[in-house]
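> prediction below, plus the sequence it came from.
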Amino acid sequence: MNNSHKLIAGIILTCLFACSGEKKNVEKSEGKEIKIVEKVVEKKWEIFNVGAVGNTMSEMKYDVESITVKEGSWIRINLENQGIDNSMMHNIVFINYGTRKMVASEAIKIWPSQDFVVNKKNIIAYSGVAKPGESVVLEFKAPKKGNYEYLCTYPGHAEIMRGYFFVK
């Protein structure tokens, strides 16, 4: 077998090993090889499609009013900005309950930088900003059991674009 065949065989074996779902280590103890096999657990995702709808300040909203998940689960939010007006830029920010007004007012102060997010101590997770017609994906691990909120921190949107996030 020439060197290029050895390289291809090595790549194939590496791929088979990596895709097996198990992590294998070999250790030597008293001259004997001991195989240690660890199961690699896939993340279980809870996936939500959230639309940011409306083209005026009075129409805009999320089309999902509340999201309920299990504690410790992995969350994937697909935020689709369905607006067409250029002023309808949106994000989705998950926050500690009762901090919405403070988080929103701080976002106005830093406009237009940092995806409109500044107070990290009250923020669980946040997406980037989706312009009209764009989508963004936010992935994060659910916090401890409790009641939380989500909102859009684009200036002027937080009063209308908001919802509840329940972790059971």
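Everything's here; your move. Numbers count the residues shown, from 1 in each chain.
> could you pull out the strands for this protein?
Counting by DSSP state E, the chain has strands at residues 22-29, 32-39, 45-53, 61-62, 66-69, 74-81, 93-96, 123-126, 135-141, 146-151, 162-167.
> and this protein, what are its domains?
Listed by automatic domain parsing, the domain ranges of the chain are 3-39, 45-167.
> so of those, which one's packed in deepest?
Between those, domain 45-167 has the highest mean count of neighbours, a mean of 17, where neighbours are mean count of other Cβ atoms under 10 Å. For every residue, glycine as well, the C-beta is placed using N, CA and C.
> distance check, residue 168 against residue 143.
Going from residue 168 to residue 143 by Cβ to Cβ, to the nearest Å gives 12 Å.
> what residues are shared contacts of the two?
By Cβ atoms under 8 Å, 6 or more residues apart in numbering, residue 168 and residue 143 have these common neighbours: residue 71.
> for this protein, give me the ranges with low pLDDT.
Applying pLDDT under 70 to the chain picks out residues 1-32, 34, 37-41, 111-115, 118-119.
> let's see that with 90 instead.
Applying pLDDT under 90 to the chain flags residues 1-44, 86-87, 105-121, 155-156.
> spatially central residue in it, please.
Taking Cα atoms, centre = their mean as the criterion, residue 139 is the residue nearest the geometric centre of the chain, at 1.5 Å.
> quickly note the distance from the residue lying closest to it once chain neighbours are set aside to residue 95.
Excluding its sequence neighbours, the residue lying closest to residue 139 (Cβ to Cβ, 6 or more residues apart in numbering) is residue 76, at 5.0 Å. Distance of residue 76 to residue 95, computed by Cβ to Cβ: 18 Å.
> go on, residue 158?
Counting by Cβ to Cβ, the separation of residue 158 from residue 95 is 10 Å.
> mutual contacts of the two, please.
With Cβ under 8 Å, 6+ apart, residue 158 and residue 95 have common neighbours 103, 151.
> residues in a beta bridge with the closest residue in space to residue 126 that isn't next to it in sequence, which ones?
Nearest residue to residue 126, sequence neighbours excluded (Cβ to Cβ, 6+ apart): residue 93, at 4.2 Å. Taking DSSP bridges as the rule, residue 93 bridges to residue 126, residue 151.
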